[in-house]
Every structure is written in C-alpha cells, then in structure tokens.
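Visitor: Requesting a structural model of the entry that follows:
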Amino acid sequence: MKENNQKRINCFDCIHLQITWQPATPYACKAIGFRSKMIPSLEVFKNSGTQCMRFAPKPKVKQ
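Guide: Predicted coordinates for the structure are as follows:
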C-alpha cells in the first residue's frame, strides 16, 4: 500500500464549492462543472488518482 504524503484538499475551504438543493447530488464544483453525492475533491481523486488541480482557497476573514 502506498503512503500518501500529500495533504488532502478540503472543498469547504475552496471558492468553487457549491451546495445544491438536490438530495441526490448535494455538492457541486463550479470550476470543473459537475455535481456529486460526494465532496468534489474526493470524486476527482477517485476518478483520476490525483488531487484536484482547480482548488482555490477562500479569502481569510479578518477579525
């Protein structure tokens, strides 16, 4: 089994994540243009074997 030294991408920190109203596909990625039952970064990894290349972090909130 291979070790994965890369950090997992968290779609909830990405500007492209969209929550839909469809129960069958509650998550969407605006950058790639698809909807999924799983978090989009997991769907991308499952299908391509690589981390999502479209991840763009949300701006930090100043407190």
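Visitor: what's the pLDDT at Q63?
Guide: Note on Q63: pLDDT of 78.
Visitor: separation between it and I9?
Guide: The spacing between Q63 and I9, counted by Cβ to Cβ, to the nearest Å, is 25 Å. All C-beta spots, glycine's among them, are computed from the backbone N, C-alpha and C.
Visitor: Which one's more surrounded, these two?
Guide: Legend: neighbour count by other Cβ atoms under 10 Å for Q63 and I9, higher for I9 (20 against 3).
Visitor: so what's the more buried one up against?
Guide: By Cβ atoms under 8 Å, 6 or more residues apart in numbering, the residues touching I9 are S41, Q51, C52, F55.
Visitor: Spatially, what comes nearest to it if we skip its sequence neighbours?
Guide: Once flanking residues are discounted, I9 sits nearest to S41: 4.2 Å by Cβ to Cβ, 6 or more residues apart in numbering.
Visitor: Rounded mean pLDDT for the helix or strand hosting that neighbour, please.
Guide: Element membership of S41 [criterion: DSSP states H and E] is helix 40-48. Helix 40-48 shows a mean pLDDT of 95 in the predicted model.
Visitor: Show me the contact partners of that helix.
Guide: 8-11, 14, 16-17, 27-29, 32, 34, 36, 38, 50-52, 55.
Visitor: Pull out the buried residues from these.
Guide: Listed as buried from those are I9, C11, C14, H16, L17, Y27, A28, C29, S36, C52, F55; burial here means 16 or more other Cβ atoms under 10 Å.
Visitor: Inside strands: which ones of those?
Guide: Residues of the buried ones among the contacts of helix 40-48 located in strands (DSSP state E): L17, Y27, A28, C29, S36.
Visitor: could you redo these as a markdown table and give each row distance to P59?
Guide: Shown next, in a markdown table, are these (distance: Cβ to Cβ, whole Å):
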| residue | distance to P59 |
| --- | --- |
| L17 | 14 |
| Y27 | 21 |
| A28 | 20 |
| C29 | 19 |
| S36 | 25 |
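Visitor: got a markdown table for the residues you listed, with pLDDT too?
Guide: Formatted as a markdown table, those follow (pLDDT from 0 to 100):
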| residue | pLDDT |
| --- | --- |
| L17 | 97 |
| Y27 | 97 |
| A28 | 97 |
| C29 | 97 |
| S36 | 96 |
